[in-house]
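Trainee: Here is a sequence with its predicted model. Questions after.
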Amino acid sequence: TFNFDTGYVNNPFEKENNKLTNRQLVGGGIGLTIIAYYNMVWRVEYSMNHLKEKGLFFNYSLGF
């Protein structure tokens, strides 16, 4: 799977120490989804945002 997210932070009362206000925020990544027995799902995703912060995320669902 591929993912891409974007958004804009609108803050008219901007603080000087927050580098995320009044900016376009962008992130994206790739992932692998494995489905077994109709209700067991495992996901592994690797994502990065516009600040070059990276993360590896694991998710599972047993579908109860």
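Mentor: Nice, thanks for sending it over.

Trainee: Which is the succeeding secondary structure element to the longest strand along the chain?
Mentor: Secondary structure of the chain per DSSP state E: the longest strand is strand 24-36. Next helix or strand after strand 24-36 toward the C-terminus (DSSP states H and E): strand 40-49.

Trainee: between the next helix or strand after that following strand and strand 24-36, how big is the angle?
Mentor: Toward the C-terminus, strand 40-49 is succeeded by strand 54-61 as the next helix or strand (DSSP H and E). Comparing the axes of strand 54-61 and strand 24-36 via axes from the mean of the first three to the mean of the last three C-alpha atoms, to 10 degrees yields an angle of 40 degrees.

Trainee: Sheet-wise, list the partners of strand 54-61 with their directions.
Mentor: The strands beside strand 54-61 in its sheet (DSSP bridges) come out as strand 40-49 (antiparallel).

Trainee: Is G55 bridged to anything, and to what?
Mentor: Here G55 sits in beta bridges with S47, going by DSSP bridges.

Trainee: Hmm, it is touching V44, no?
Mentor: No - contact criterion C-beta atoms under 8 Å: G55 and V44 do not qualify, at 11.4 Å. Yep, even glycine has a C-beta here, placed from its N, CA and C like the rest.

Trainee: Compare neighbour counts for those two and give me the winner.
Mentor: V44 (15 against 11; other C-beta atoms under 10 Å).

Trainee: dump the residue contacts of the more buried one.
Mentor: Going by C-beta atoms under 8 Å, 6 or more residues apart in numbering, V44 touches 31-32, 56-59.

Trainee: contact partners of stretch 55-64?
Mentor: By C-beta under 8 Å, 6+ apart, the residues outside stretch 55-64 that reach it are 38-48.
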